[in-house]
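Participant: pasting the sequence and the predicted coordinates here, then a few questions.
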2 protein chains.
Amino acid sequence: MLHFSASLTKLIGELKKLPGVGEKTALRLALHLLKSPANVHALAESLMEVGSRVRFCSTCFGITEADPCAICTGNRDVSLLCVVEEPQDMLAIERSHSFKGRYHVLQGALSPLNGVTPAQLRIRELMERLEKGECKEVVLATNFTVEGEATALYLTHLIKPTGIRITRLAHGIPLGSDLEYVDLATVQRAMEGRSEL
Amino acid sequence: MLHFSASLTKLIGELKKLPGVGEKTALRLALHLLKSPANVHALAESLMEVGSRVRFCSTCFGITEADPCAICTGNRDVSLLCVVEEPQDMLAIERSHSFKGRYHVLQGALSPLNGVTPAQLRIRELMERLEKGECKEVVLATNFTVEGEATALYLTHLIKPTGIRITRLAHGIPLGSDLEYVDLATVQRAMEGRSEL
């Protein structure tokens, strides 16, 4: 960072830690911020505020300012528990208004190659919640990726002995899609899962 | 931002102001930051530091902590002045070690459709520097885009009457490229600008 300031170099270093941000993007972001000092200040303040206020709910491990979170303390169907990978997945399901139970955020998915083993996920905490006996059905809503599917399979083996009903989100053709452009495996799953009209 | 915290929503709003960052990316960045509280703090501090220390040099309008900047006060060839659009362009030329003069950062390029007129750029300040009579050659190193070329043309008309020599970076085939994949216009310019061996 020839001739540039030391504090700017430091900022670029910090920005580079963000996902999907490399040297060039970090430089571009930093220089963009320099042009609007008010934004720099607002962003810094916002970060400080988030850093001090936002935490993970000690029950579901979703994001909250009050612990336990609004969903865990709210008037929800306690017999339903939806297991997701990340807080944003919880958000996606909430946005769909299709689920009235509670959530459990694993904070990741199993990926032995990347060093993510069951111990790194909130699986122990999930089993502790299930042991309380309130939950009658666990909806596995991990992603439909290799990691997500492996996690779902792992959880199925783990939960099965408790006798709790285990379900998984349906596979099929996404709404509004042209059959012609849907991938082979999705069409196969949609055919297998066809329903009577 | 259903059920998410107010301070997180605010942070997402701030992140969205960054170039190339939309709603989804802002959410992803914010949630990533949440996972590493130390990074949140370091980034916020870094921003505060940059906000208070870094400014634009009052002579060349490049980035600096001390005004005038190290290049403007350094032992440079005062008869050469390189005009660039942004501080990062100045950095690219410095990295090439091919220029020993001083710089002038326009802080943009002419783009009437986006409301960027000569008054928004540091053109008045450039002309004031040239009036001092030290400069014998102006190297126009604005980008080779429509806006950059228009800016170079505009500056040429403006500087020509002063009698100062005006040059532009050479057009041609980039090093290491396969002729087959170089665009037509670049090949044409390279042919026109061919040099004797």
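Facilitator: Yep, it's here.
Participant: how about the worst-scoring helix or strand of chain A on mean pLDDT, which residues are buried there?
Facilitator: Using mean pLDDT, DSSP states H and E, the weakest-scoring helix or strand in chain A turns out to be helix A:184-192, at a mean of 83. For helix A:184-192, a neighbour-count test (16 or more other Cβ atoms under 10 Å in any protein chain shown) marks A:186, A:190 as buried. (Glycine included, C-beta is placed from N, CA and C.)
Participant: what of stretch A:6-25?
Facilitator: Buried, per 16+ other Cβ under 10 Å, within stretch A:6-25: A:7-8, A:10-16, A:18, A:21, A:25.
Participant: repeat that for stretch A:142-155.
Facilitator: Applying 16+ other Cβ under 10 Å to stretch A:142-155 flags A:142-143, A:147-149, A:151-152, A:154-155 as buried.
Participant: could you check the angle the longest helix along chain A makes with helix B:37-53?
Facilitator: Taking DSSP state H as the criterion, chain A has its longest helix at helix A:37-53. Inter-element angle recorded for helix A:37-53 and helix B:37-53: 150 degrees (by axes from the mean of the first three to the mean of the last three Cα atoms, to 10 degrees).
Participant: which segments of chain A make up each domain?
Facilitator: Chain A resolves into domains spanning A:6-53, A:76-168 when parsed by automatic domain parsing.
Participant: export these as a markdown table, with columns for mean pLDDT.
Facilitator: Below are these laid out as a markdown table (pLDDT from 0 to 100):
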| stretch | mean pLDDT |
| --- | --- |
| domain A:6-53 | 89 |
| domain A:76-168 | 92 |
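Participant: deepest-packed of those domains, please.
Facilitator: Sort the domains of chain A by mean neighbour count, taking mean count of other Cβ atoms under 10 Å in any protein chain shown, and domain A:6-53 sits at the top with a mean of 18.
Participant: look up phi and psi at the residue most central in space within chain A.
Facilitator: The C-alpha lying nearest the average C-alpha coordinate of chain A belongs to A:E86 (Cα atoms, centre = their mean; 1.4 Å). Phi and psi for A:E86, reported as degrees, to the nearest 10, are phi -130, psi 160.
Participant: that one reaches A:H104, doesn't it?
Facilitator: No: counting by Cβ atoms under 8 Å, A:E86 sits too far from A:H104 to count as a contact (11.8 Å).
Participant: just send the buried residues of stretch A:6-25 back as CSV, with secondary structure and distance to chain B too.
Facilitator: Output for the buried residues of stretch A:6-25, formatted as CSV (DSSP: H, G, I helix; E, B strand; the rest coil; distance: Cβ to the nearest Cβ, whole Å):
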residue, secondary structure, distance to chain B
A:S7, helix, 4
A:L8, helix, 5
A:K10, helix, 5
A:L11, helix, 4
A:I12, helix, 9
A:G13, helix, 8
A:E14, helix, 4
A:L15, helix, 7
A:K16, coil, 11
A:L18, coil, 5
A:V21, coil, 8
A:T25, helix, 7
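Participant: and which of those residues is nearest to B:A44?
Facilitator: Proximity of the buried residues of stretch A:6-25 to B:A44 (Cβ to Cβ) peaks at A:E14, which lies at 9.1 Å.
Participant: how long is stretch A:54-74 end to end?
Facilitator: End-to-end distance for stretch A:54-74: 19 Å, by Cα to Cα, to the nearest Å.
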